[in-house]
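Student: I need the structure of the sequence given here:
(chains A and B)
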Amino acid sequence: KAGVTQTPRYLIKTRGQQVTLSCSPISGHRSVSWYQQTPGQGLQFLFEYFSETQRNKGNFPGRFSGRQFSNSRSEMNVSTLELGDSALYLCASSFNTDFRGSPLHFGNGTRLTVT
Amino acid sequence: GESVGLHLPTLSVQEGDNSIINCAYSNSASDYFIWYKQESGKGPQFIIDIRSNMDKRQGQRVTVLLNKTVKHLSLQIAATQPGDSAVYFCAETGNFNKFYFGSGTKLNVKP
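Tutor: The predicted model follows:
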């Protein structure tokens, strides 16, 4: 069974631009979560989608948005990029409708560098 | 590959020794806990999980202990190998569909 796939693997953008990251979950998983990972802040929750609906959102500005498609694939978008948005963005999928008893399975992330 | 956890607490152990990695959590409502391993350039990889109705759970060479009284979680790795070198994170949830991750511990295994 294929794991969580994230594309692209690396991105370099300049301040003010926008970026779209893509995630394909494990087949059969309907929940997709996004996390930002930085050395200083660790893993920070961005948002989670299930059946095309955002069920939960972290404490990030509105420049960060996401969506999920009917095939469970998900995208996240960051508009008006800032230097501080440089991070590893991780996508994770899960089978259960809630997370208790169902671990997140992560992709290898998209490394975003903002210059 | 990318470097994860440049300023993390580090645990250095000799190959073949046992390792114990600790994690404190703050939410007494958390009822499901996971340990993840993250190698350089990769995403976190599931190691083992435990529910709050258990105190201990064992996997292959790994054991997770949960002490709900003091809100403490530990991961024990038996006969640590060089391939165990990585950053280890604990994660908790008790709040429907949202996980909180610890800051991580870097494990260095010396040959």
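Student: Pull the number of nearby residues for whatever residue of chain A ends up closest to chain B.
Tutor: As assessed by Cβ to the nearest Cβ, chain B sits closest to A:F106 within chain A, at 3.5 Å. Using the backbone N, CA and C atoms, a C-beta is placed for each residue, glycine as well. Using other Cβ atoms under 10 Å in any protein chain shown, A:F106 has 24 neighbouring residues.
Student: That one reaches A:L88, doesn't it?
Tutor: No: applying Cβ atoms under 8 Å, one finds A:F106 not in contact with A:L88, separated by 10.5 Å.
Student: Now name the helix or strand holding the residue in chain B that chain A sits nearest to.
Tutor: As assessed by Cβ to the nearest Cβ, chain A sits closest to B:G43 within chain B, at 3.5 Å. Using DSSP states H and E, B:G43 sits within no helix or strand.
Student: what residues does chain A put near chain B?
Tutor: Counting by Cβ under 8 Å from any Cβ of the partner chain, the residues of chain A close to chain B are A:4, A:31, A:33, A:35, A:37, A:39-40, A:42-43, A:45, A:48, A:50, A:55-56, A:58, A:88, A:90, A:92, A:98-101, A:103-109, A:111.
Student: Buried only: go through these for me.
Tutor: Buried members of the residues of chain A next to chain B, scored by 16 or more other Cβ atoms under 10 Å in any protein chain shown, are A:4, A:31, A:33, A:35, A:37, A:42-43, A:45, A:48, A:50, A:55-56, A:88, A:90, A:92, A:98-100, A:103-109, A:111.
Student: quick one, what contacts the residue of chain B closest to chain A?
Tutor: A:4, A:90, A:92, A:106-109 (Cβ atoms under 8 Å, 6 or more residues apart in numbering or on different chains).
Student: The same query, at a cut-off of 10 Å, please.
Tutor: A:3-4, A:6, A:35, A:37, A:88, A:90-92, A:104-109, B:4, B:36 (Cβ atoms under 10 Å, 6 or more residues apart in numbering or on different chains).
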